[in-house]
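A.B. asks: When you get a sec, could you give me coordinates for this:
(one chain, ligands or ions: 1)
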Amino acid sequence: MANESREKWQSRSGFLFAAIGSAVGLGNMWRFSYLASEKGGAGFVVLYLFFTVLIGLPVLLAELTIGRGARSGPVLALEHFGGPAWRWLGVVFVAAGFLILSYYGVIGGWTLRYAFEAATLGFAPDSGAHFEDVASGFDSLATQIVFMSMTILVVSYGIGGGIERLARIAMPGLFVIMVGIALYAFTLEGSGEGYAYYLNFDLEKALALDVVVAAAGQAFFSLSLGMGAMLTFASYLSRESQLAKDTAVIAFSDFGVAYLAGLMVFPLIFAFGLGGEISGSTIGALFVALPKAFATMGFVGRIVGFAFFLALVVGALTSAISLLEVLVSASMDAFQWQRRRAAVTAGVLVTALGAWSAFDLAILDLADSIAINLFLIGGGLGIAVFVGWIMQDPIAEASSGATNSIVYEIWRGLLRFVVPVVLLFVLWHALPETWEKFKAVVGLG
Ligand code: TRP
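C.D. replies: Below is the predicted model:
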């Protein structure tokens, strides 16, 4: 399996940009902001940071270790280290990638549309009605197809020439835009209320079960864990890479961007007295409350709004790319396909499945719930057990045999005892919510 002709990242920083690009996406802006507001602000943020360290770091290092060691997509990689029975976990990963990308592409299409509108017609003043118009139906399908075509195109160009090249420009750009908007928001009159809302710490609220469960799930989703995306990216690394350091850089960058997203979203929304709009709709919060603020701001709003949605497009695109890459690398491994053929085939199939979400928001919401609560949490549990208990000498594999530092002992201890318990707990408490959504969609009650 040590396939010498396998593509490679051109540099360590190229890999880091791409991995951060996978992690930073709609999860940091759209999902993080609505959870932070729904789950009571700073308490949620602190818990989310806590879980990023406690379960995010260990599982991320586990995925990178498997991927770099096996130098193949998830199915063959698990088989490489665990024998034929473990390839099924890899198959589950591929299925998860399929499901997530199907609806992620729909939301990606919304971001494209809003960026385009800002640049041309401007934001619709009645943002709620507008969102309902364009979020499902043929409009939504059309933007999904455009977004997915861009994703397929970049992946077709390969690791160094497509994914790395885009991430190297896009990620610094995204960061600059976000800092700029956050600073601008700071200057607005009335933004103080936004900070108060975001950074207010309510201990009692933070200890509620649903907040704990949501924070753990978010830490996982935001870091792209539990379905082999990071594993696949690491399979294009060379042996000399320092996985433990890379793990820390990726995880803290991802947290930093989410935190920054809060610093731009809440002050903007509150400066325009739209605090009430955030809690109204979860899926649409970012696409309803913010465009309303931008519409009120006139010309400046078009510029700031365009920059904002451009950043969202970039984040969504670099994440969608990593999801498609999992499907592409697995099908290249399995059928010996050329990259372009794999990208087009997998991309078209995913887009077709996603059309369902494009026509029905309840399906999109259900797919998100199944993907995170079942596939990602379950997949993370599988990875932790695999690396903690099954794989031979993961510490030598992770450190390239170069160290016996205590950090790695702690890592394996966390994977063995802490991560599985936390994830089982989360799985247990998150499943009923998914079940309720499922029943509602199929009309069981
Ligand atoms: N991390 C991405 C975000 O925050 C979304 C995501 C979740 C993801 N799981 C993934 C991306 C797996 C790539 C692969 O938006």
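
A.B. asks: Now do the closest residue to Ile181 other than its chain neighbours, the pLDDT please.
C.D. replies: Distances taken as C-beta to C-beta, 6 or more residues apart in numbering put Met264 closest to Ile181, at 4.5 Å, once the chain neighbours are dropped. Quick note: C-beta positions are derived from backbone N, CA and C, even for glycine. You'll see Met264 listed with a pLDDT of 93.

A.B. asks: Please look at Met264 and Met178 and confirm they touch.
C.D. replies: Yes - in this structure, Met264 is within contact of Met178 by C-beta atoms under 8 Å, at 6.1 Å.

A.B. asks: is it true that Ala258 touches Asn28?
C.D. replies: Yes - contact status for Ala258 versus Asn28: in contact at 4.2 Å, counting by C-beta under 8 Å.

A.B. asks: shared neighbours of those two, anything?
C.D. replies: Overlap of the contact sets of Ala258 and Asn28 (by C-beta atoms under 8 Å, 6 or more residues apart in numbering) consists of Ser222.

A.B. asks: follow-up on the earlier one: phi, psi for the residue nearest to Ile181 please.
C.D. replies: phi -100, psi -40 (degrees, to the nearest 10).

A.B. asks: So what's the residue count around it?
C.D. replies: 26 (other C-beta atoms under 10 Å).

A.B. asks: got a list of what it touches?
C.D. replies: 178, 181-182, 185, 308.

A.B. asks: so Phe147 sits right up against Arg113, yeah?
C.D. replies: No - in this structure Phe147 lies outside contact range of Arg113 using C-beta under 8 Å: 9.1 Å.

A.B. asks: Neighbour count: these two, which is higher?
C.D. replies: Phe147 (26 against 22).

A.B. asks: Look at the more buried one and give its secondary structure.
C.D. replies: Following DSSP: H, G, I helix; E, B strand; the rest coil, Phe147 is assigned to helix.

A.B. asks: Mind pulling the model confidence for it?
C.D. replies: The model's pLDDT for Phe147 equals 98.

A.B. asks: measure it to the ligand for me?
C.D. replies: Applying C-beta to the nearest ligand atom, to the nearest Å, the value for Phe147 to the ligand is 14 Å.

A.B. asks: How about Ser22?
C.D. replies: To the ligand, Ser22 is 5 Å away according to C-beta to the nearest ligand atom.

A.B. asks: Same check on Val24?
C.D. replies: 6 Å.

A.B. asks: quick one: pLDDT of that residue?
C.D. replies: Val24 is given a pLDDT of 97.

A.B. asks: check contacts around it.
C.D. replies: So Val24 contacts 171, 174, 253-254, 257, 315, 318-319 (C-beta under 8 Å, 6+ apart).

A.B. asks: distance of it from Gly226?
C.D. replies: Per C-beta to C-beta, to the nearest Å, Val24 is found 17 Å from Gly226.

A.B. asks: Find the helix or strand that Arg412 is a member of.
C.D. replies: Per DSSP states H and E, Arg412 falls inside helix 406-413.

A.B. asks: Give me the helices and strands touching the helix or strand following that helix, please.
C.D. replies: Per DSSP H and E, the first helix or strand lying C-terminal to helix 406-413 is helix 419-442. Packing contacts for helix 419-442, counted by 3 or more C-beta pairs under 8 Å, 6 or more residues apart in numbering; DSSP states H and E, involve helix 209-222, helix 361-370, helix 377-385.

A.B. asks: again, 10 Å this time
C.D. replies: Using 3 or more C-beta pairs under 10 Å, 6 or more residues apart in numbering; DSSP states H and E, the elements in contact with helix 419-442 are helix 57-70, helix 209-222, helix 361-370, helix 377-385.

A.B. asks: So which bits of the stretch 51-200 of the chain are right by the ligand?
C.D. replies: For the stretch 51-200 of the chain, the residues in contact with the ligand (C-beta under 6 Å from any ligand atom) are Ile100.

A.B. asks: Just the pLDDT for the residue of the stretch 51-200 of the chain found nearest the ligand.
C.D. replies: Residue nearest to the ligand within the stretch 51-200 of the chain (C-beta to the nearest ligand atom): Ile100, separated by 5.6 Å. Note for Ile100: predicted pLDDT of 97.

A.B. asks: mind showing which ranges of the protein have poor pLDDT?
C.D. replies: 1-4, 278-284, 403-404, 445 (pLDDT under 70).

A.B. asks: Spatially central, which residue of it would that be?
C.D. replies: Centroid-nearest residue in the chain, with C-alpha atoms, centre = their mean: Ser222, separated by 4.3 Å.

A.B. asks: Next up, the contacts around that one.
C.D. replies: Counting by C-beta atoms under 10 Å, 6 or more residues apart in numbering, Ser222 touches 23-28, 31-32, 48, 51-52, 56, 251, 254-255, 257-258, 319.

A.B. asks: contacting residues for the residue nearest to it when sequence neighbours are not counted?
C.D. replies: Nearest non-adjacent residue to Ser222, counting by C-beta to C-beta, 6+ apart: Gly27, 4.3 Å away. Applying C-beta under 10 Å, 6+ apart, we find Gly27 in contact with 35, 104, 218-224, 254, 257-258, 261, 315-316, 319, 372.

A.B. asks: Tell me the helices and strands packed up against the helix or strand where Ile395 lies.
C.D. replies: Under the criterion of DSSP H and E, Ile395 resides in helix 394-398. With contacts taken as 3+ C-beta pairs under 10 Å, 6+ apart, helix 394-398 sits against helix 57-70, helix 243-271, helix 406-413.

A.B. asks: So which other helices or strands are in contact with the last one?
C.D. replies: Judged by 3+ C-beta pairs under 10 Å, 6+ apart, helix 406-413 is in contact with helix 57-70, helix 243-271, helix 394-398.

A.B. asks: Quick check: buried residues in the shortest one?
C.D. replies: Buried residues in helix 394-398, defined by neighbour count with 16 or more other C-beta atoms under 10 Å: 394-395, 397-398.
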